[in-house]
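**Q** can't give you the sequence, but here's the structure:
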């Protein structure tokens, strides 16, 4: 009985986390899609802090992962007002978007703004959150080739 309850609790927790993810199909390879994302981010005036190649990391320790890259980026004009509301937002900022291969299809995934800020003392009705959500939507659409 305890095992069933624990499994049910994990299923409920897992469902909530995935419900907060935005997933888009993209044209081209992971690298091509990530290149478009990085270009869109820099073109919008944001700063790219890191581009992490998870598959290369796995290969460096003789393990395998499908092609997967993470872009970490931000803009202090948007991030600073959020962190002024709750400094703990620094745990989820700067923004991050994952581009990965899923069975031959390229996908783009990021956490929606409400999910990202869950548990923080912030006013999600503030204009800055609309701007962040719009930026994520527009940048990932460009990367997807939409």
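**A** Good, I have the coordinates. Since this is a predicted model, take the numbers as computed values, not measurements.

**Q** now the strands: where do they sit in this protein?
**A** Counting by DSSP state E, the chain has these strands, from start to end: 21-26, 47-53, 68-74, 95-102, 105-111.

**Q** let's have those in CSV, adding mean neighbour count and distance to residue 80.
**A** Where C-beta positions appear, they are placed from N, C-alpha and C, glycine not excepted. Putting the strands of the chain into CSV (neighbours: other Cβ atoms under 10 Å; distance: least, Cβ to Cβ, whole Å) gives the following:
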stretch, mean neighbour count, distance to residue 80
strand 21-26, 16, 24
strand 47-53, 13, 13
strand 68-74, 20, 10
strand 95-102, 21, 13
strand 105-111, 19, 20
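
**Q** out of those, which is closest to residue 139?
**A** With Cβ to Cβ as the measure, strand 95-102 is the member of the strands of the chain nearest residue 139 (7.5 Å).

**Q** the closest one pairs with which strands, and in what direction?
**A** According to DSSP bridges, strand 95-102 forms sheet pairs with strand 68-74 (antiparallel), strand 105-111 (antiparallel).

**Q** tell me the mean pLDDT over the last one?
**A** The average of the pLDDT scores along strand 105-111 is 97.

**Q** for the first one, same thing?
**A** Mean pLDDT, strand 68-74: 98.

**Q** tell me the angle that strand makes with strand 47-53.
**A** Going by axes from the mean of the first three to the mean of the last three Cα atoms, to 10 degrees, strand 68-74 is angled at 170 degrees with respect to strand 47-53.

**Q** now strand 68-74, how far from the chain's geometric center?
**A** Per Cα atoms, centre = their mean, to the nearest Å, the displacement of strand 68-74 from the mean C-alpha position of its chain is 7 Å.

**Q** could the strands paired with strand 95-102 go into TSV alongside distance to residue 25?
**A** Written out in TSV, the entries for the strands paired with strand 95-102 read as follows (distance: least, Cβ to Cβ, whole Å):
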stretch	distance to residue 25
strand 68-74	15
strand 105-111	6
